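*Asks:* okay, here's the prediction I keep looking at, along with the sequence it came from:
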Amino acid sequence: MTVHNLYIFDRNGSCLHYGEWNRKKQAGISKEEEFKLMYGMLFSIRSFCSKMSPLDMKDGFLTFQTSKYKLHYYETATGIKIIMNTDLGVPNAKDILHQIYSTVSMGLYVEYIVKNPLCVLGEQLSSDLFSTRLDLYIRALPFFSPRAA
Amino acid sequence: MAIFSVYVVNKAGGLIYQYDNYVPRAEAEKTFSYPLDLVLKIHDEKVVVSFGQRDGIRGTVSCQQVNVKAYKMYIVITGNMSWLELKCCIVYVLYLLLTLCTHTSINLVGHALLSINGVDVNGKFTADGKEIIEYLKDSTNYPVSIRFGRARLSSNEKLMLASMFHSLFAIGSQLSPEVGSSGIEMLETDMFKLHCFQTLTGIKFIVLADPRQSGIDALLRKIYEIYSDFALKNPFYSLEMPIRCELFDQNLKGALEIAEKAANFGPGS
């Protein structure tokens, strides 16, 4: 049981943060292109789900899984999207992603903006404190093991 | 617990078969007086609510199943039942009937205009050929009874969605952090779960079902079996073309019924 990687996107599609723990295979394209592809795929999946859904959706798209990994998706009302790739053993990470947003991300995000009036919204979050806090949080998750199962 | 629909996509990404088993419709019918307090716009040749919501709009969730199944309630009345017990029984039966039609207030934004005064509309025109937006601007046509609901997917839209999924399936495999991943096998939302099975020849069988429905993996294998028996062995069927085989339809419907009842597929079924 392990977490492979984590992306945080803002409303316009720019990647705010990317963290990697147990990734075995790179996508074969540059990181920038990978972020754009990931964002585009999720945008299309969301639009696909809203059209296919038999009834009006409340939460929308939650997760998808393939034979090897599971992708968990969480979107806030302001358009911040948090995506986590884990292995198949993880049941439902929605609460965890919400925690990441509210305590780790938003807590530090707000601090980052408030204490740094010159920082630009929409650019990659370069705060070391943010990265280390997020890293510690992921490593402390019950389903995280340093060596993938 | 229901299976909503089945899609079959060929290896080029084109839709070759589609079947809607169970389509829950959430619709609201309301009488409006001039002026209309909703903002309508034309989207994809349909009239859609872009802004506005009526408080207290009540809609019924009506379920239209292609095979209509009657709700059977078995009331066992014993010979020795007292009058009090009989009254309680009747009250309970009425309660059950009422809860079958659940009343919920529905947010109208995004819903399409389905019918005016009971007559179904034709795209952005009424059945008589008048433009709907112009018709609703005229105060002499009021009061008018309009029905709103989720727009049904046209066959063109289904084709586009199937091809879109075909591409998303491939991207899911490309972005995998693990080696040797397949494409998207299961996609989950709060309203439905989409299961996909890709065969060795590149045909994808896609089933949309209720999130709580189980046994879909076995159903997907069964649909593959039915496809190879009744479509591929049909001498008049060309590969990768739309499937128009009666026996395929019949057996597919049978398999869906069995899956919904959560029974197992026998050797001869």
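*Replies:* Structure's in. What do you need?

*Asks:* and the next element down the chain from the lowest-mean-pLDDT helix or strand in chain A?
*Replies:* None of the helices or strands of chain A scores lower by mean pLDDT, DSSP states H and E than helix A:106-115, at a mean of 60. Downstream of helix A:106-115, the first helix or strand assigned by DSSP states H and E is helix A:128-139.

*Asks:* tell me what that following helix is packed against?
*Replies:* With contacts defined as 3 or more Cβ pairs under 8 Å, 6 or more residues apart in numbering or on different chains; DSSP states H and E, the packing partners of helix A:128-139 are strand A:3-9, strand A:15-20, helix A:106-115. Every residue, glycine included, has its C-beta placed from N, CA and C.

*Asks:* orientation of it relative to strand A:3-9 in degrees?
*Replies:* Angle of helix A:128-139 versus strand A:3-9, following axes from the mean of the first three to the mean of the last three Cα atoms, to 10 degrees, is 140 degrees.

*Asks:* in stretch B:186-196, which residues are buried?
*Replies:* B:187-196 (16 or more other Cβ atoms under 10 Å in any protein chain shown).

*Asks:* is chain A contacted by it?
*Replies:* Yes. Stretch B:186-196 is in contact with chain A by Cβ under 8 Å from any Cβ of the partner chain, via B:186-192, B:194.

*Asks:* now what about that stretch, what contacts it?
*Replies:* A:45, A:49, A:52-65, B:4, B:165, B:169, B:183-185, B:204-211, B:213, B:216-217, B:220 (Cβ atoms under 8 Å, 6 or more residues apart in numbering or on different chains).

*Asks:* how does it look with 7 Å?
*Replies:* Counting contacts by Cβ atoms under 7 Å, 6 or more residues apart in numbering or on different chains, the residues outside stretch B:186-196 that touch it are A:49, A:53-55, A:57-65, B:4, B:169, B:184-185, B:204, B:206-211, B:216, B:220.

*Asks:* next one: stretch B:174-181
*Replies:* With contact meaning Cβ under 7 Å, 6+ apart, stretch B:174-181 is reached by A:4-5, A:23-25, A:27, A:37-38, A:41, A:66-69, A:85, B:173.

*Asks:* same thing with stretch B:121-128?
*Replies:* Here stretch B:121-128 makes contact (Cβ under 7 Å, 6+ apart) with B:42, B:45-47, B:113-116, B:119-120, B:131-132, B:135.

*Asks:* list the buried residues in it.
*Replies:* For stretch B:121-128, burial by neighbour count (16+ other Cβ under 10 Å) applies to B:121, B:124-126.

*Asks:* tell me what the longest strand along chain B is packed against?
*Replies:* Ordering each strand of chain B by length in residues (DSSP state E) puts strand B:22-32 first. Secondary-structure packing of strand B:22-32 (3 or more Cβ pairs under 7 Å, 6 or more residues apart in numbering or on different chains; DSSP states H and E): strand B:3-9, strand B:58-65, strand B:144-149.

*Asks:* and the next helix or strand past the host helix or strand of residue B:194?
*Replies:* If you go by DSSP H and E, residue B:194 is part of strand B:193-198. Sequence-wise, the next helix or strand downstream of strand B:193-198 (DSSP H and E) is strand B:204-209.

*Asks:* what comes into contact with that next one?
*Replies:* Identification of contacts with strand B:204-209 by Cβ under 7 Å, 6+ apart yields A:52, B:2-9, B:165-166, B:169, B:192-198, B:216, B:219-220, B:223-224.

*Asks:* how about 8 Å then?
*Replies:* When contacts are defined by Cβ under 8 Å, 6+ apart, strand B:204-209 is touched by residues A:52, A:54, B:2-9, B:162, B:165-166, B:169, B:192-199, B:216, B:219-220, B:223-224, B:227.

*Asks:* in that strand, what counts as buried?
*Replies:* Neighbour-count burial for strand B:204-209, with 16+ other Cβ under 10 Å as criterion, is recorded at B:204-209.

*Asks:* each with direction, which strands does it pair with?
*Replies:* With DSSP bridges as the test, strand B:204-209 is paired with strand B:3-9 (antiparallel), strand B:193-198 (antiparallel).
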